[in-house]
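Asker: Provide a 3D model corresponding to the input given below.
(chains A and B)
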Amino acid sequence: MYFCWLCKMKFEIVELLDFSGYKARIYTVILNHEPLSIFDNFVKENIPIFPEEIDDILSKIETIGHETGAREHFFKPNEGTLGDGICALYDNPDNKIRLYCIKYGSTTGGGGRKNVRALQDDPKLKHENYLLRKISNLITKAIKEGDISWAADGKRLIGNLIIQDDEDNE
Amino acid sequence: MKTMNEARKYTSPIIQEALKNIDPTRRETLRRRMLISARIDDALKAKNWTQKQLADAMEKRPSEVTKWLSGNHNFTLESIFQIEKHLGITLIKVAEEVIV
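Answerer: The predicted structure follows:
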């Protein structure tokens, strides 16, 4: 699945039932009424090639949701641009894939193979990273405009969780 | 009037199948590593210490502490003991009951 950067975008923020828990709510997004979320696509693309790494990522997100919360030290910060909240779940240096996240509470995103010298050298990883940057910008804008906010418990997103990019990017 | 919906709860056969097939030992190993990391983090906060202060106290590089806290690290008993000593906490308690 590839995404057109200049095209207008619509997505729905959904809560990942299998991972969300008392300690952290875990969200992903479904783009443009596609049948799968970006997290599904990440798992589907990588599980045949890197099953153990996917096992580790899923186990970690389960533990974050139910037992530890989304603590700063589990995430490699500053994987996007300044202030956009994009980080990556820490992995072992010899791992081949990476999951990018936006950490408000914790929104899981997509990722890809990490066979890179730099992000710019890997089109797939760059694509996923830039997709998340755009999603982050739109969520931040919705929060600033009051369309999305935090529930009283500070853990749940509430509001209009279907977000439409209404800026003219052409 | 702003909409105040909660997010739709979502799962999929892809995620459920992947979760069902996780090797239980691998899952539990990751879980325990993360719980140890979280306990170290709690102890740092309780002492009002930064990761760098712990690294300095233990004569380690800060990157070593970052690795411990990542949730991926396979701790040795030696490093667990050293962390316990410097933070004044217990990370692993060995059971004392008689095994029959």
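Asker: going forward, measure contacts between C-alpha atoms and count neighbours the same way
Answerer: Noted.
Asker: distance check, the residue in chain B positioned nearest to chain A against residue B:73.
Answerer: Here the residue of chain B nearest chain A is residue B:4; by CA to the nearest CA that distance is 3.9 Å. Residue B:4 is 41 Å from residue B:73, where distance means CA to CA, to the nearest Å.
Asker: again with residue B:99
Answerer: 30 Å.
Asker: give me the buried positions along the longest helix that chain B contains.
Answerer: Counting by DSSP state H, the longest helix found in chain B is helix B:24-47. Neighbour counts using 16 or more other CA atoms under 10 Å in any protein chain shown place B:27, B:30-31, B:33-41, B:43-44 of helix B:24-47 among the buried residues.
Asker: neighbours of the residue in chain A positioned nearest to chain B, how many?
Answerer: Closest approach between chain A and chain B, counting by CA to the nearest CA: residue A:159, at 3.9 Å. Residue A:159: 19 surrounding residues under other CA atoms under 10 Å in any protein chain shown.
Asker: and for residue A:144?
Answerer: 11.
Asker: pLDDT score assigned to it?
Answerer: We have a pLDDT of 87 for residue A:144.
Asker: next one: residue A:82
Answerer: At residue A:82, pLDDT is 76.
Asker: residue contacts, it?
Answerer: Shown in contact with residue A:82 (CA atoms under 8 Å, 6 or more residues apart in numbering or on different chains): no residues.
Asker: alongside chain B, which residues does chain A contribute?
Answerer: A:13-18, A:36, A:40, A:43-44, A:47, A:55-56, A:58-60, A:63, A:67-68, A:71, A:73-75, A:90-92, A:146-148, A:156-161 (CA under 8 Å from any CA of the partner chain).
Asker: are any of the residues you listed buried, and which?
Answerer: A:13-18, A:40, A:43-44, A:55-56, A:58-60, A:63, A:67-68, A:71, A:73-75, A:90-91, A:147-148, A:156-161.
Asker: strands of chain A, start to end?
Answerer: With DSSP state E as the criterion, chain A has strands at A:10-16, A:27-31, A:75-76, A:86-89, A:97-102, A:107-113, A:148-150, A:157-159, A:162-164.
Asker: fine by me, thanks again.
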